[in-house]
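Visitor: Curious how this folds, go ahead:
(chains A and B)
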Amino acid sequence: MWGDTSIKLGNMFGAVAGFLGVLLLLFYLAGFARGRLSRRLAILLLLGPAVLLLLVGIVVPAVRTIYLSLFNEDSTKFLGGGNYTWAFGNSDIHQVLLNTLLWIVIAPILTTALGLVLALLVDRLRGQAVYKSLIFMPMAISFVGASIIWKFVYAYRDPSQPQIGLLSQICMWLGWHNPPNWILSHPLNNFLLMIIMIWVQTGFAMVVLSAAIKAIPEDVTEAAVLDGAQGWRLFANVTIPMIRSTIIVVLTTVMITTLKLFDIIRTMTGGNFGTQVLANEMYSQAFTEFNNGRAGALAVLLFLAVVPLVAYNVAMLRREREVR
Amino acid sequence: MATLTPTERKSPEPARAAPTRTGVRRALSSPLSTVAVLLVTVVWTVPSLGLLITSLRPQQDVAQTGWWDFFAHPHLTLANYHDVLFNGGFGVSDGLMPYLVNSIAITVPATIFPIVLASMAAYVLAWIPFKGSDTIFFVFFALQVVPLQMALVPLLQLFSGGAHIGGLTIFPAVGMGGSYAPVWIAHTMFAMPLAVFLLHNFIAQLPRDLIEAARVDGASHFRVFRSVVLPLATPALASFAIFQFLWVWNDLLVGLTFTGGAPESAPMPSRLAQLSGSFGDHWEILTAGAFVSVVIPLIVFFSLQRYFVRGLLAGSVKG
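Guide: Below is the predicted model:
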C-alpha cells in the first residue's frame, strides 16, 4: 500500500513540477522577444490557456448539453422538445420540481432570518468570537461530512431498544415513546434534510449581515434615536432598510447554493423516499439511467433557474458597493 | 461574493471591532439574548461532538448505546480509525487510506493550476489592454452563472473519447481509468471564471507606478508578472487558494463524475457518500471516516480563520 501511496504522491508532485517547469521555460524563451512581438506573445501565452480552458471546459460543453437535450438517450434520434415535455408531464419529476421549489424557498429564508437574529444578538456578547467561530464552523465541512453528522442524529432504532440517534432519544426523553423512522417519513424528511443546509449556511449569513450592521453610519442611528425610535421600531425602520441589499444578497446566494444541491440528497437518501431534487435527478438521469437527453433537459432547466438569481444577486452587490 | 481589493482591508470577520452602541443592540442585550445565542451555539455544536465521540468509542458500545452514554461509561479507543484507514473493516474491501491519498493528490494540483493560470490571465486583462479585452473579461465574469451540471456529460464524453473532426483528432482522449488528469483538468476549468474575476479585481488595483517603472526599466511582461505582480497579489492569491483548496477537498460532484468512484483515483467524499448508503449501520466506521475527511478543513479553518472567511465569502456563488 505504501508503494501505491508514493506513486500517487509522486504523480502529484510530478504534475505540479512539470506544469510550473513548462510555464517558466515558456516565460524564459518568450522574454527574448522584443517590440510588438513581445506584447503579442505576452497576451497569447498569459491569457491563452485560461481562454482555452473556458472554451473547452464550459462554453462548448454547455452548448452541447443544450444540443443533447433535444435528442433521445444515446443521442441518435431527434426529439425536439420531447425531453422538456417529459420533464413537465411526468409525475415523478413533478415531485422533484416541487421539492426543489420547497428547498429554494424555505431553506434560504430560514437561514437568512436566523443569521440576522444571531448577527443582532451576538455582537453584544462577551466571547462573541467563540460563538461566531462555532456557528461558522460547519461552513468548513463538506456537505457529505455534514450529511453523515446529521444522518447519525436522525438514526432510527426500534423504540424497544436503546436509541443511538439523538433526535429519537430527545423525543423519548420528552415523552414521545414512538418516534418515527425520520428519514423515511415523507414529507417530513424533506424538512429534516433542509436543516442540514441551514446548519451549514447560517454562519455565513450571520457573518455577512453582522458586517453590514456594523457598517451602518453612527449618525443615522443616532438621529433616529433622537427622534424617539427605539427597540423594535428602530430595528424595523432603520436597521432593516439600511441593510436591505445585503439581506437580499445573502438570500439569493443561499438560494443559488440550494438550487444546485446535490451532495446532501446523494448522501442522505440517494433521492429515495420522496426527497429527490433537480440536481440529483439530473445526475441520476445521466449516470444511472444513461439518458443524456433527459439529463441535458434537466441541466438546462437548472441553468434557466439560476440565471435570474445570479443576475439579481450581482446587481444588488453592485448597488450595495456604490452606496458604501 | 465580496470582491477582494487591495484597499479593502475591512475583514468580514469583525471579531475585534468594538461593539457599536446602537439602540437596537442595547434593546436586545438582555440576558435573554445571551441564552438564545448560547442555545443556538450548543445546537450547532452537539451534532459534531456526537460524531467525534462516536468515532472514538469501541464498536460494541456504539452498536448498543447512544453516544451520550459515553459520559457515564467513558471508554476510548483509536481502533475505529485504524480499521477505517487500513483494514476497511466489516466487509469493506479496502480502507479509506487510498481515498485519503487520492484526495491529497487531487486537491494540491487542482488548487495550484487554476491560481497560476487565472493570475496570468488576470494580469493581461488588467494591464495589457487590447482590442476585445473588455469583452473577454465580461465573458469570464458572465460564465460564473453556468452550473457545473451544464458541462458534466459533454466534458466526460470528451475526456473518455477525445474530440474528432472527420478523421482528425483535435483533442486526445485523456483516458479515464485510474488517472487524476480528468479531475485536475475539470476542477481547473470550473475554477477559471471565478478565479479570473476575483484576481482581476485585485491585480487591477495594484499601484500603476510600480508596474510602469518596471516596464520602463526594460522588464518584459513575463518578468513584471513574476517579480512585481505575483508578490504584491499574495493576499488575494492566499484567500483564493484557501477557498479553492476547500472547495476541491469537499467536492463530491466533480470527483464522483470524473473518477467514477474507483479506488485508484476517487477522493474521500465519493467513498463516504457510498459508505453512507451501504454501510449505514456501522456507525463507528462511518463516523471515523467522516472525521478523517473533516479534520483537514477544520485545521485550515481554525488556523487561518481570517483568510478563510474572506475566501469563502468571495467564492460563495461558485459551482
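Visitor: can you map out the helices along the stretch 101-250 of chain B?
Guide: Applying DSSP state H, counting those that start in this stretch to the stretch 101-250 of chain B gives helices spanning B:133-142, B:152-161, B:181-203, B:208-216, B:221-224, B:230-232, B:234-250.
Visitor: from those helices, which stretch is densest packed?
Guide: Most buried of these, by mean neighbour count (mean count of other Cβ atoms under 10 Å in any protein chain shown): helix B:181-203, with a mean of 25. (Each C-beta comes from the backbone N, C-alpha and C, glycine too.)
Visitor: Okay, angle between that helix and helix B:133-142 too, please.
Guide: Angle of helix B:181-203 versus helix B:133-142, following axes from the mean of the first three to the mean of the last three Cα atoms, to 10 degrees, is 120 degrees.
Visitor: Which neighbouring elements make contact with helix B:181-203?
Guide: Here helix B:181-203 touches helix A:35-54, helix B:97-127, helix B:133-142, helix B:152-161, helix B:234-250, helix B:253-259, going by 3 or more Cβ pairs under 8 Å, 6 or more residues apart in numbering or on different chains; DSSP states H and E.
Visitor: What's the mean pLDDT across that helix?
Guide: Mean pLDDT, computed over helix B:181-203, is 92.
Visitor: relative to helix B:97-127, how tilted is that helix?
Guide: 40 degrees.
Visitor: returning to what we had before: any chance of the helices of the stretch 101-250 of chain B in JSON lines, with distance to A:M137 too?
Guide: As requested, the helices of the stretch 101-250 of chain B are exported to JSON lines (distance: least, Cβ to Cβ, whole Å):
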{"stretch": "helix B:133-142", "distance to A:M137": "31"}
{"stretch": "helix B:152-161", "distance to A:M137": "30"}
{"stretch": "helix B:181-203", "distance to A:M137": "23"}
{"stretch": "helix B:208-216", "distance to A:M137": "39"}
{"stretch": "helix B:221-224", "distance to A:M137": "41"}
{"stretch": "helix B:230-232", "distance to A:M137": "32"}
{"stretch": "helix B:234-250", "distance to A:M137": "13"}
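Visitor: Show me what the helix or strand containing A:T202 is packed up against.
Guide: Per DSSP states H and E: A:T202 is located in helix A:188-214. On a contact count with 3+ Cβ pairs under 8 Å, 6+ apart, helix A:188-214 meets helix A:91-122, helix A:128-136, helix A:143-153, helix A:244-259, helix A:263-268, helix B:31-56, helix B:305-314.
Visitor: How much space separates the residue of the stretch 51-200 of chain B found nearest chain A from B:A110?
Guide: At 2.6 Å from chain A, B:M189 is the closest residue in the stretch 51-200 of chain B, using Cβ to the nearest Cβ. Distance of B:M189 to B:A110, computed by Cβ to Cβ, to the nearest Å: 10 Å.
Visitor: What is the burial count for residue 111?
Guide: Let's take chain A. If you count neighbours by other Cβ atoms under 10 Å in any protein chain shown, A:T111 ends up with 28.
Visitor: hmm, I had chain B in mind actually
Guide: For B:T111, using other Cβ under 10 Å, the count is 24.
Visitor: just A:Y28 next, same as before
Guide: Neighbours of A:Y28 using other Cβ under 10 Å come to 12.
Visitor: what sits against it?
Guide: B:F222 (Cβ atoms under 8 Å, 6 or more residues apart in numbering or on different chains).
Visitor: tell me which element it is part of?
Guide: Per DSSP H and E: A:Y28 is located in helix A:2-30.
Visitor: Now do that helix: distance to the chain's middle.
Guide: How far helix A:2-30 lies from its chain's middle: 32 Å, per Cα atoms, centre = their mean, to the nearest Å.
Visitor: any low-confidence regions in the stretch 101-250 of chain B?
Guide: Low-confidence segments of the stretch 101-250 of chain B, defined by pLDDT under 70, span residues B:166-168, B:170, B:174-178.
Visitor: do that again at 80, thanks
Guide: B:161-178 (pLDDT under 80).
Visitor: Look up the closest residue to B:G255, ignoring the ones flanking it.
Guide: Counting by Cβ to Cβ, 6 or more residues apart in numbering or on different chains, the nearest residue to B:G255 once its immediate chain neighbours are dropped is B:P267, at 4.3 Å.
Visitor: What is the burial count for that neighbour?
Guide: Close neighbours of B:P267, defined as other Cβ under 10 Å, add up to 31.
Visitor: can I get the helices and strands packed on helix B:181-203 in CSV with distance to A:W86?
Guide: As requested, the helices and strands packed on helix B:181-203 are exported to CSV (distance: least, Cβ to Cβ, whole Å):
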stretch, distance to A:W86
helix A:35-54, 31
helix B:97-127, 36
helix B:133-142, 30
helix B:152-161, 17
helix B:234-250, 33
helix B:253-259, 23
